[in-house]
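*Asks:* how does the following fold in three dimensions:
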Amino acid sequence: MEKNEIAAKFLDFAELECKGSSALYQFLSVKIAGNEELLQLSSYARRGQPIPNLLFGAVHQLLLAGNTHELGHFYPSITGKPKQVEGSFSSFLDFCRTYQKEIIAILQEKLVQTNEVRRCAYLYPLFCYIHKKTGNSLSLVEIGTSAGLQLLWDQYSYSYGGNRSYGNNTSVVHLSSKVRQGSMPELLDSAPPVASRVGVDLHVSDLKDREDALWLKALIWPEHQERLETFDKAVKQFSKSPPSLIEGDGVSMLKELAAQAPSASTLCIFHTHVANQMSRKVKNDLLQKVSAIGRKRDVCHIYNNIEDRKLHLDYVISGVSYAETIGETDGHGGWFDWHVKDCAVQEKRV
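*Replies:* Numbering: from 1, shown residues only. I've put the predicted structure just below:
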(Lines give C-alpha, C1' and ligand atoms only; values in the text may rest on other atoms or scores of the structure.)
Protein backbone atom coordinates (compact mmCIF):
# COMPACT_ATOMS: atom_id res chain seq x y z
CA MET A 1 0.00 0.00 0.00
CA GLU A 2 1.28 3.48 -0.91
CA LYS A 3 2.26 5.87 1.89
CA ASN A 4 -0.40 8.40 0.90
CA GLU A 5 -3.05 5.70 1.27
CA ILE A 6 -1.75 4.76 4.71
CA ALA A 7 -1.69 8.45 5.70
CA ALA A 8 -5.34 8.76 4.66
CA LYS A 9 -6.23 5.79 6.86
CA PHE A 10 -4.63 7.45 9.89
CA LEU A 11 -6.46 10.73 9.21
CA ASP A 12 -9.77 8.88 8.88
CA PHE A 13 -9.00 6.97 12.06
CA ALA A 14 -8.36 10.23 13.91
CA GLU A 15 -11.59 11.82 12.75
CA LEU A 16 -14.02 8.89 12.58
CA GLU A 17 -12.82 6.63 15.38
CA CYS A 18 -10.73 8.58 17.90
CA LYS A 19 -12.44 11.96 18.07
CA GLY A 20 -14.21 12.25 21.40
CA SER A 21 -12.92 8.83 22.47
CA SER A 22 -9.11 8.89 22.58
CA ALA A 23 -7.28 12.20 22.61
CA LEU A 24 -3.94 10.38 22.57
CA TYR A 25 -4.65 8.25 19.51
CA GLN A 26 -6.33 11.17 17.71
CA PHE A 27 -3.29 13.39 18.21
CA LEU A 28 -0.79 10.68 17.30
CA SER A 29 -2.76 9.60 14.21
CA VAL A 30 -2.59 13.07 12.71
CA LYS A 31 1.15 13.26 13.44
CA ILE A 32 1.82 9.80 11.98
CA ALA A 33 -0.03 10.75 8.79
CA GLY A 34 2.61 13.40 8.16
CA ASN A 35 5.68 11.35 9.10
CA GLU A 36 7.40 9.35 6.34
CA GLU A 37 9.31 7.13 8.76
CA LEU A 38 6.23 5.95 10.64
CA LEU A 39 4.23 5.50 7.45
CA GLN A 40 7.01 3.24 6.19
CA LEU A 41 6.92 1.29 9.46
CA SER A 42 3.13 0.96 9.18
CA SER A 43 3.47 -0.51 5.69
CA TYR A 44 4.67 -3.78 7.27
CA ALA A 45 1.12 -4.48 8.49
CA ARG A 46 -0.57 -7.61 7.19
CA ARG A 47 -2.68 -7.06 4.13
CA GLY A 48 -6.34 -6.37 4.84
CA GLN A 49 -5.76 -5.36 8.46
CA PRO A 50 -6.79 -1.95 9.86
CA ILE A 51 -3.34 -0.37 9.97
CA PRO A 52 -3.84 2.28 12.70
CA ASN A 53 -5.31 -0.26 15.13
CA LEU A 54 -2.48 -2.66 14.40
CA LEU A 55 0.33 -0.11 14.91
CA PHE A 56 -1.16 1.32 18.09
CA GLY A 57 -1.85 -2.20 19.37
CA ALA A 58 1.77 -3.21 18.74
CA VAL A 59 3.15 -0.23 20.65
CA HIS A 60 0.64 -0.70 23.47
CA GLN A 61 1.48 -4.39 23.81
CA LEU A 62 5.18 -3.65 24.18
CA LEU A 63 4.42 -1.06 26.87
CA LEU A 64 2.06 -3.40 28.74
CA ALA A 65 4.70 -6.13 28.56
CA GLY A 66 6.94 -3.98 30.77
CA ASN A 67 9.25 -2.25 28.30
CA THR A 68 10.18 0.95 30.13
CA HIS A 69 10.21 4.11 28.05
CA GLU A 70 9.22 7.75 28.45
CA LEU A 71 6.28 7.10 26.11
CA GLY A 72 4.57 5.27 28.97
CA HIS A 73 4.14 8.60 30.78
CA PHE A 74 1.49 9.54 28.19
CA TYR A 75 -0.53 6.31 28.47
CA PRO A 76 -3.25 6.22 31.18
CA SER A 77 -3.07 2.42 31.04
CA ILE A 78 0.57 2.61 32.16
CA THR A 79 0.58 5.55 34.61
CA GLY A 80 -2.00 7.04 36.92
CA LYS A 81 -0.99 10.59 36.01
CA PRO A 82 -0.47 10.77 32.25
CA LYS A 83 1.18 13.78 30.64
CA GLN A 84 -0.63 15.98 28.11
CA VAL A 85 -0.95 14.32 24.71
CA GLU A 86 0.52 17.33 22.89
CA GLY A 87 3.99 16.32 24.04
CA SER A 88 3.71 12.65 23.12
CA PHE A 89 4.80 12.46 19.50
CA SER A 90 8.57 12.74 19.93
CA SER A 91 8.42 9.96 22.53
CA PHE A 92 6.22 7.84 20.25
CA LEU A 93 8.66 8.25 17.38
CA ASP A 94 11.63 7.36 19.59
CA PHE A 95 9.82 4.30 20.95
CA CYS A 96 9.10 3.10 17.41
CA ARG A 97 12.75 3.57 16.49
CA THR A 98 13.94 1.76 19.63
CA TYR A 99 11.59 -1.20 19.20
CA GLN A 100 11.33 -1.20 15.41
CA LYS A 101 12.21 -4.88 15.06
CA GLU A 102 9.65 -5.97 17.66
CA ILE A 103 6.94 -3.73 16.17
CA ILE A 104 7.50 -5.08 12.66
CA ALA A 105 7.21 -8.64 13.98
CA ILE A 106 3.86 -7.82 15.59
CA LEU A 107 2.59 -6.01 12.48
CA GLN A 108 3.41 -9.02 10.33
CA GLU A 109 2.05 -11.63 12.74
CA LYS A 110 -0.98 -10.26 14.57
CA LEU A 111 -4.60 -9.72 13.54
CA VAL A 112 -6.81 -6.95 14.88
CA GLN A 113 -9.25 -9.00 16.95
CA THR A 114 -10.74 -6.52 19.35
CA ASN A 115 -13.14 -8.31 21.70
CA GLU A 116 -15.32 -5.30 22.46
CA VAL A 117 -17.71 -6.80 24.99
CA ARG A 118 -19.90 -3.68 25.21
CA ARG A 119 -21.02 -4.18 21.59
CA CYS A 120 -23.25 -6.85 23.15
CA ALA A 121 -25.32 -3.92 24.46
CA TYR A 122 -26.68 -3.35 20.95
CA LEU A 123 -26.71 -7.06 20.08
CA TYR A 124 -29.00 -7.84 23.04
CA PRO A 125 -31.93 -5.77 21.65
CA LEU A 126 -31.47 -7.40 18.25
CA PHE A 127 -31.58 -10.92 19.63
CA CYS A 128 -34.66 -9.97 21.66
CA TYR A 129 -36.25 -8.62 18.47
CA ILE A 130 -35.45 -11.81 16.54
CA HIS A 131 -36.78 -14.06 19.29
CA LYS A 132 -40.04 -12.11 19.49
CA LYS A 133 -40.47 -12.41 15.72
CA THR A 134 -39.84 -16.15 15.55
CA GLY A 135 -40.70 -17.46 19.01
CA ASN A 136 -37.80 -19.90 18.67
CA SER A 137 -34.59 -20.44 20.56
CA LEU A 138 -31.51 -19.04 18.83
CA SER A 139 -28.51 -20.83 17.37
CA LEU A 140 -25.48 -18.54 17.21
CA VAL A 141 -22.65 -18.52 14.69
CA GLU A 142 -20.14 -15.71 15.12
CA ILE A 143 -17.67 -15.03 12.31
CA GLY A 144 -14.44 -13.40 13.48
CA THR A 145 -15.09 -14.41 17.07
CA SER A 146 -11.55 -13.74 18.38
CA ALA A 147 -11.81 -15.04 21.98
CA GLY A 148 -15.58 -15.62 21.88
CA LEU A 149 -16.65 -13.06 24.48
CA GLN A 150 -19.53 -11.69 22.36
CA LEU A 151 -20.94 -15.19 22.00
CA LEU A 152 -21.85 -14.95 25.68
CA TRP A 153 -24.15 -11.92 25.28
CA ASP A 154 -26.99 -13.84 27.00
CA GLN A 155 -24.86 -14.23 30.13
CA TYR A 156 -24.41 -10.49 30.76
CA SER A 157 -26.74 -7.88 32.24
CA TYR A 158 -27.66 -4.59 30.56
CA SER A 159 -29.04 -1.13 31.25
CA TYR A 160 -29.96 1.68 28.87
CA GLY A 161 -30.07 4.91 30.80
CA GLY A 162 -32.54 3.98 33.51
CA ASN A 163 -32.62 1.97 36.73
CA ARG A 164 -34.00 -1.13 35.06
CA SER A 165 -31.66 -3.94 34.04
CA TYR A 166 -32.13 -6.78 31.57
CA GLY A 167 -30.54 -10.11 30.76
CA ASN A 168 -28.68 -12.13 33.37
CA ASN A 169 -28.84 -10.03 36.53
CA THR A 170 -26.59 -12.43 38.42
CA SER A 171 -23.70 -11.89 36.00
CA VAL A 172 -20.43 -10.25 37.05
CA VAL A 173 -20.57 -8.38 33.72
CA HIS A 174 -22.91 -5.39 33.49
CA LEU A 175 -22.98 -3.36 30.26
CA SER A 176 -24.55 0.06 29.93
CA SER A 177 -25.33 1.88 26.71
CA LYS A 178 -27.84 4.39 25.37
CA VAL A 179 -29.99 4.96 22.32
CA ARG A 180 -28.65 8.04 20.53
CA GLN A 181 -31.33 8.32 17.83
CA GLY A 182 -34.61 6.51 17.22
CA SER A 183 -36.88 4.74 19.65
CA MET A 184 -36.10 2.66 22.71
CA PRO A 185 -36.10 -1.04 21.73
CA GLU A 186 -38.59 -3.40 23.33
CA LEU A 187 -36.38 -5.51 25.57
CA LEU A 188 -37.01 -8.84 27.23
CA ASP A 189 -36.35 -8.97 30.96
CA SER A 190 -34.44 -12.22 30.54
CA ALA A 191 -32.29 -13.20 27.60
CA PRO A 192 -33.82 -15.28 24.80
CA PRO A 193 -32.97 -18.99 25.00
CA VAL A 194 -29.86 -20.09 23.11
CA ALA A 195 -29.95 -23.57 21.58
CA SER A 196 -26.34 -23.65 20.39
CA ARG A 197 -23.38 -21.35 19.92
CA VAL A 198 -20.13 -21.53 18.00
CA GLY A 199 -17.48 -19.00 17.04
CA VAL A 200 -14.96 -19.23 14.21
CA ASP A 201 -11.85 -17.18 13.51
CA LEU A 202 -8.70 -17.42 11.43
CA HIS A 203 -6.87 -17.27 14.75
CA VAL A 204 -8.82 -18.04 17.90
CA SER A 205 -7.45 -16.05 20.81
CA ASP A 206 -6.82 -18.32 23.78
CA LEU A 207 -7.62 -16.40 26.96
CA LYS A 208 -5.51 -18.87 28.94
CA ASP A 209 -2.46 -17.94 26.85
CA ARG A 210 -0.62 -14.96 28.34
CA GLU A 211 0.45 -13.50 24.99
CA ASP A 212 -3.00 -13.81 23.43
CA ALA A 213 -4.62 -12.20 26.46
CA LEU A 214 -2.03 -9.40 26.46
CA TRP A 215 -2.67 -8.70 22.77
CA LEU A 216 -6.42 -8.37 23.36
CA LYS A 217 -5.73 -5.94 26.20
CA ALA A 218 -3.31 -4.00 23.98
CA LEU A 219 -6.12 -3.43 21.48
CA ILE A 220 -8.09 -1.61 24.19
CA TRP A 221 -7.31 2.09 23.95
CA PRO A 222 -5.15 3.53 26.75
CA GLU A 223 -7.79 5.90 28.17
CA HIS A 224 -10.51 3.23 28.32
CA GLN A 225 -10.14 1.89 31.84
CA GLU A 226 -13.79 0.83 31.97
CA ARG A 227 -13.34 -1.28 28.82
CA LEU A 228 -10.32 -2.98 30.39
CA GLU A 229 -12.23 -3.73 33.60
CA THR A 230 -15.18 -5.09 31.59
CA PHE A 231 -12.82 -7.28 29.58
CA ASP A 232 -11.37 -8.78 32.77
CA LYS A 233 -14.86 -9.49 34.13
CA ALA A 234 -15.93 -11.05 30.83
CA VAL A 235 -12.90 -13.34 30.93
CA LYS A 236 -14.08 -14.57 34.36
CA GLN A 237 -17.56 -15.20 32.95
CA PHE A 238 -16.02 -17.00 29.99
CA SER A 239 -14.13 -19.38 32.29
CA LYS A 240 -17.44 -20.54 33.79
CA SER A 241 -18.95 -21.67 30.48
CA PRO A 242 -16.58 -21.35 27.52
CA PRO A 243 -18.31 -21.64 24.13
CA SER A 244 -17.14 -23.80 21.26
CA LEU A 245 -14.50 -21.95 19.21
CA ILE A 246 -13.14 -23.20 15.89
CA GLU A 247 -10.08 -22.00 14.02
CA GLY A 248 -10.73 -21.52 10.32
CA ASP A 249 -12.34 -19.38 7.63
CA GLY A 250 -15.85 -18.58 8.84
CA VAL A 251 -17.20 -17.75 5.39
CA SER A 252 -15.88 -20.97 3.85
CA MET A 253 -17.20 -23.01 6.78
CA LEU A 254 -20.59 -21.30 7.03
CA LYS A 255 -22.65 -23.97 5.26
CA GLU A 256 -21.18 -26.67 7.48
CA LEU A 257 -21.69 -24.65 10.68
CA ALA A 258 -25.29 -23.82 9.73
CA ALA A 259 -26.08 -27.49 9.16
CA GLN A 260 -25.09 -28.26 12.75
CA ALA A 261 -27.60 -25.84 14.28
CA PRO A 262 -30.81 -27.46 15.61
CA SER A 263 -33.51 -27.29 12.94
CA ALA A 264 -36.16 -26.01 15.37
CA SER A 265 -34.05 -22.98 16.25
CA THR A 266 -33.54 -19.69 14.44
CA LEU A 267 -30.02 -19.52 13.05
CA CYS A 268 -28.30 -16.21 13.85
CA ILE A 269 -25.09 -15.44 11.96
CA PHE A 270 -23.40 -12.32 13.28
CA HIS A 271 -20.18 -10.33 13.11
CA THR A 272 -19.29 -6.78 14.15
CA HIS A 273 -16.35 -4.79 12.79
CA VAL A 274 -15.09 -7.84 10.93
CA ALA A 275 -16.27 -7.37 7.33
CA ASN A 276 -13.97 -4.36 6.89
CA GLN A 277 -11.15 -6.92 6.80
CA MET A 278 -12.84 -8.91 4.01
CA SER A 279 -12.31 -8.43 0.29
CA ARG A 280 -15.29 -7.53 -1.89
CA LYS A 281 -15.29 -11.08 -3.23
CA VAL A 282 -15.45 -12.59 0.26
CA LYS A 283 -18.23 -10.19 1.26
CA ASN A 284 -20.28 -11.22 -1.77
CA ASP A 285 -19.59 -14.89 -1.06
CA LEU A 286 -20.82 -14.43 2.52
CA LEU A 287 -24.06 -12.75 1.43
CA GLN A 288 -24.70 -15.46 -1.17
CA LYS A 289 -24.16 -18.22 1.37
CA VAL A 290 -26.54 -16.60 3.87
CA SER A 291 -29.13 -16.33 1.09
CA ALA A 292 -28.66 -20.00 0.18
CA ILE A 293 -29.13 -21.03 3.81
CA GLY A 294 -32.34 -18.98 3.85
CA ARG A 295 -33.78 -21.14 1.09
CA LYS A 296 -33.63 -24.10 3.47
CA ARG A 297 -34.35 -22.63 6.90
CA ASP A 298 -35.03 -19.44 8.86
CA VAL A 299 -31.84 -17.41 9.23
CA CYS A 300 -30.80 -13.98 10.49
CA HIS A 301 -27.64 -12.10 9.57
CA ILE A 302 -26.43 -9.27 11.83
CA TYR A 303 -23.50 -7.25 10.51
CA ASN A 304 -21.83 -3.94 9.71
CA ASN A 305 -19.02 -2.82 7.38
CA ILE A 306 -20.20 -4.70 4.30
CA GLU A 307 -21.72 -1.76 2.44
CA ASP A 308 -21.42 0.93 5.13
CA ARG A 309 -20.64 1.43 8.80
CA LYS A 310 -24.26 1.02 9.93
CA LEU A 311 -25.62 -2.02 11.75
CA HIS A 312 -27.87 -4.18 9.58
CA LEU A 313 -30.23 -7.09 10.11
CA ASP A 314 -31.12 -9.26 7.12
CA TYR A 315 -33.36 -12.24 7.76
CA VAL A 316 -35.44 -14.93 6.08
CA ILE A 317 -38.55 -16.24 7.80
CA SER A 318 -40.73 -18.87 6.11
CA GLY A 319 -39.12 -18.18 2.76
CA VAL A 320 -39.61 -14.42 2.87
CA SER A 321 -36.53 -12.18 2.88
CA TYR A 322 -36.33 -8.94 4.84
CA ALA A 323 -33.67 -6.28 5.33
CA GLU A 324 -33.54 -3.68 8.06
CA THR A 325 -31.00 -0.93 8.72
CA ILE A 326 -30.72 -0.58 12.48
CA GLY A 327 -28.54 2.54 12.46
CA GLU A 328 -25.14 3.86 13.43
CA THR A 329 -23.31 2.42 16.42
CA ASP A 330 -20.40 3.53 18.54
CA GLY A 331 -17.47 1.22 17.79
CA HIS A 332 -17.11 0.49 21.50
CA GLY A 333 -20.83 0.09 22.22
CA GLY A 334 -21.33 3.30 24.21
CA TRP A 335 -24.37 4.25 22.11
CA PHE A 336 -26.39 3.04 19.15
CA ASP A 337 -29.26 4.16 16.96
CA TRP A 338 -32.46 2.10 16.85
CA HIS A 339 -34.53 2.61 13.72
CA VAL A 340 -36.22 -0.78 13.69
CA LYS A 341 -39.81 -0.71 12.47
CA ASP A 342 -42.61 -3.12 13.28
CA CYS A 343 -42.61 -4.24 9.66
CA ALA A 344 -39.62 -4.88 7.43
CA VAL A 345 -38.41 -2.11 5.17
CA GLN A 346 -37.66 -4.48 2.31
CA GLU A 347 -39.23 -7.75 1.34
CA LYS A 348 -38.84 -10.24 -1.47
CA ARG A 349 -39.50 -13.90 -2.10
CA VAL A 350 -36.53 -16.20 -1.92
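*Asks:* next, count neighbours for the nearest residue to residue 263 once chain neighbours are set aside.
*Replies:* Residue nearest to residue 263 in three dimensions, not counting chain neighbours: residue 297, with 6.7 Å by CB to CB, 6 or more residues apart in numbering. In short, each C-beta sits where N, CA and C put it, glycine included. Residues lying near residue 297 (other CB atoms under 10 Å) number 18.
*Asks:* ok, now how distant is residue 297 from residue 264?
*Replies:* 10 Å (CB to CB, to the nearest Å).
*Asks:* can you map out the helices along the stretch 101-250 of the chain?
*Replies:* 120-134, 210-218, 225-240 (DSSP state H, counting those that start in this stretch).
*Asks:* who wins for proximity to residue 103 among those?
*Replies:* Of all the helices of the stretch 101-250 of the chain, it is helix 210-218 that lies closest to residue 103, at 11.9 Å by CB to CB.
*Asks:* for the closest one, which outside residues touch it?
*Replies:* 57-58, 60-61, 64-65, 110, 113-115, 146-147, 205-207, 228, 231, 235 (CB atoms under 8 Å, 6 or more residues apart in numbering).
*Asks:* gap between that helix and the chain center?
*Replies:* 15 Å (CA atoms, centre = their mean, to the nearest Å).
*Asks:* next, the angle helix 225-240 makes with that helix.
*Replies:* Counting by axes from the mean of the first three to the mean of the last three CA atoms, to 10 degrees, helix 210-218 lies at 140 degrees to helix 225-240.
*Asks:* from now on call the first residue 44
*Replies:* From this message on, residue numbering opens at 44, which makes the last subject helix 253-261.
*Asks:* just the buried residues of helix 253-261, please?
*Replies:* Neighbour-count burial for helix 253-261 flags 255-256, 258-261 (criterion: 16 or more other CB atoms under 10 Å).
*Asks:* next: stretch 304-321.
*Replies:* Those would be 304, 308-318, 320-321, for stretch 304-321 by 16+ other CB under 10 Å.
*Asks:* and the furthest pair within those?
*Replies:* Farthest apart among those by CB to CB are 308 and 320. That separation is 28.4 Å.
*Asks:* follow-up on the earlier one: which of the buried residues of stretch 304-321 lies closest to residue 115?
*Replies:* residue 316 (27.6 Å).
*Asks:* can you pull the pLDDT of that closest one?
*Replies:* The model reports residue 316 with a pLDDT of 92.
*Asks:* so which helix or strand takes in it?
*Replies:* Using DSSP states H and E, residue 316 maps to neither a helix nor a strand.
*Asks:* any of the contacts of helix 253-261 buried? List them.
*Replies:* 100-101, 103-104, 107, 153, 156-158, 189-190, 248, 250, 274, 278.
*Asks:* related to what we said a few turns ago, could you look over the helices of the stretch 144-293 of the chain and pick the most buried one?
*Replies:* helix 163-177 (a mean of 22; mean count of other CB atoms under 10 Å).
*Asks:* residue 240 reaches residue 287, doesn't it?
*Replies:* Yes: applying CB atoms under 8 Å as the test, residue 240 and residue 287 come out as touching, 6.9 Å apart.
*Asks:* compare those two (neighbour count), which wins?
*Replies:* residue 240 (22 against 13).
*Asks:* now do the contacts for the more buried one.
*Replies:* By CB under 8 Å, 6+ apart, the contact set of residue 240 is 182-185, 194, 286-287.
*Asks:* excluding chain neighbours, what is closest to it?
*Replies:* Leaving aside its sequence neighbours, residue 240 sits nearest to residue 183 (CB to CB, 6+ apart; 4.1 Å).
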